[in-house]
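Peer 1: got a predicted model here, sequence first, then my questions.
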Amino acid sequence: MRANSSNLTDNIYMYFRRNDKVSTASCSSWDGKGELHWTTSDCETEIDNTTIKCSCSHLTFFAVLMSPPDVNHPVPDLESLTLISSIGCGISMFFLAVALFMHFLLRKAKSNQATKILMNMFVALSLLNASFLSNESIANTGDNAACVFIALLLHYSMLASFTWFFIQALHMYLWLIRQNVTISNYMRKITVLAWVFPAPIVIAIASVGEYTTVTIKSTTGKISRMCWITNPVILYTVNIGYYTLVFIFTTGIFITILTRIVQARRLRAIDGKRKTFRKHLMMVLSLFLLFGLTWSVAFFSYGAMLVPSYYIFTVLNSFQGFFLFLYYYYIHNDVEGRFSDDPRSSGSTTTMVPPNMNGLENVYN
């Protein structure tokens, strides 16, 4: 043991079966200096789905050390961000439930297509909030099947919400910009698209076992667990990639509608400028929420903007359901609303008809 056995001509290879696919593995060796101190010096680690391969150029005692994922990248202000998220999601869930109750029991017969799209978005956001709020509790139980299910539900509802953001913008595009477009089975097609499209994605991810417990450490040392995606490639490709496509489309529609609003404002009488500005500001903020543009704050989560963007993102998106409820309540109680947003429909065919500029003020009345 006291002989120097470093810088061997041929490396020593050791193979270990990989049972834990969540934690990060590293091949380590005892430095031989008395106290038990593990080092990764002169050892290389190669990992595949089933095996951990250690390649070392010296002889001593070896071990494969496992550390929780993200332990080396602690999340700043994790406790306060978690508290804000829990409060915001709880409030959003309550008011989304109130809105759905009002719609299905009180206003369903009077609802138009835009309101139906909004209600579907409310359902997707309700599932998203519910699965998020229950996620950590289920992760702490250690039940793998329950963890996979809640992670799948969370991911599905998030992708479905993104899709409804896209459909919301698409509906605005068809009605305000394209006009005179005839689409058969319009509501049925967009509803099937939004709820079916995310299903194959989450099923494929679940089938390869990528939904499991993820450990998150704060800068204060507190460790939290949640059921989520472990593979960063899948995480960024599917979530960030898909939302980026949605963001590009919705931002284009948002800018186009904003241009229409500016053009419409120039045609207003001088006496009504203050009132018109308030209505247009409300419309711009509403579109920002309806198109899910608040999620784009995640693109600025780096450098000096890291912590501020975390807080802005958390507040805007955890309270998104509450903000949308305020908008829903406002538009259905605006006695000055002058029109229905919906294209006239006949049977299973929907025809987009040209709206006037007043249509930009209230698309759900």
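Peer 2: Arrived safely.
Peer 1: and stretch 10-19, what's buried?
Peer 2: Within stretch 10-19, the residues that count as buried by 16 or more other Cβ atoms under 10 Å are 12, 18. In this view, the C-beta of every residue, glycine as well, is placed from N, C-alpha and C.
Peer 1: and it, end to end?
Peer 2: With Cα to Cα, to the nearest Å as the measure, stretch 10-19 spans 28 Å from end to end.
Peer 1: contact partners of it?
Peer 2: Contacts to stretch 10-19, defined as Cβ atoms under 8 Å, 6 or more residues apart in numbering, come from residues 25, 27, 47-59, 62, 64.
Peer 1: any of those buried? List them.
Peer 2: Buried by 16+ other Cβ under 10 Å: 25, 27, 47, 52, 54, 56-58, 62, 64, out of the contacts of stretch 10-19.
Peer 1: among those residues, name the ones in helices.
Peer 2: Nothing among these maps onto helices, per DSSP state H.
Peer 1: any chance of those in TSV, with distance to L154 and pLDDT too?
Peer 2: Listed next are these as TSV, based on distance: Cβ to Cβ, whole Å; pLDDT from 0 to 100:
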residue	distance to L154	pLDDT
A25	27	75
C27	34	82
I47	27	80
I52	30	85
C54	36	87
C56	41	84
S57	44	81
H58	45	75
F62	39	69
V64	31	71
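Peer 1: can you name the two of these that are farthest apart?
Peer 2: Within the buried ones among the contacts of stretch 10-19, I47 and H58 form the most distant pair, 21.0 Å apart (Cβ to Cβ).
Peer 1: residues touching Y329, list them.
Peer 2: Going by Cβ under 8 Å, 6+ apart, Y329 touches A99.
Peer 1: convert whichever strand or helix holds it to PDB, retaining C-alpha atoms only.
Peer 2: In this assignment (DSSP states H and E), Y329 forms part of helix 320-331. Coordinates of the C-alpha atoms in helix 320-331 are reproduced here as PDB (Å, rounded to 0.1, in the frame of the first residue of the first chain):
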ATOM      1  CA  GLN A 320     -51.700  34.100 -14.500                       C
ATOM      2  CA  GLY A 321     -54.900  32.300 -13.800                       C
ATOM      3  CA  PHE A 322     -56.000  35.000 -11.400                       C
ATOM      4  CA  PHE A 323     -55.200  37.800 -13.900                       C
ATOM      5  CA  LEU A 324     -57.100  35.900 -16.600                       C
ATOM      6  CA  PHE A 325     -60.100  35.600 -14.300                       C
ATOM      7  CA  LEU A 326     -60.100  39.400 -13.800                       C
ATOM      8  CA  TYR A 327     -60.100  39.800 -17.600                       C
ATOM      9  CA  TYR A 328     -62.900  37.300 -18.000                       C
ATOM     10  CA  TYR A 329     -64.900  39.000 -15.300                       C
ATOM     11  CA  TYR A 330     -64.200  42.400 -16.800                       C
ATOM     12  CA  ILE A 331     -65.200  41.600 -20.400                       C
END
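Peer 1: mind listing what's buried along it?
Peer 2: Neighbour-count burial for helix 320-331 flags 320-325, 327-328, 331 (criterion: 16+ other Cβ under 10 Å).
Peer 1: in the chain, which residue is most central in space?
Peer 2: Nearest to the mean C-alpha position of the chain, counting by Cα atoms, centre = their mean, stands M158 at 4.8 Å.
Peer 1: list the contacts for it?
Peer 2: By Cβ under 8 Å, 6+ apart, the neighbours of M158 are 128, 239.
Peer 1: go with 6 Å
Peer 2: With contact set as Cβ atoms under 6 Å, 6 or more residues apart in numbering, M158 has these partners: L128.
Peer 1: what about K217, how many neighbours?
Peer 2: Applying the criterion other Cβ atoms under 10 Å, we find 18 residues in the vicinity of K217.
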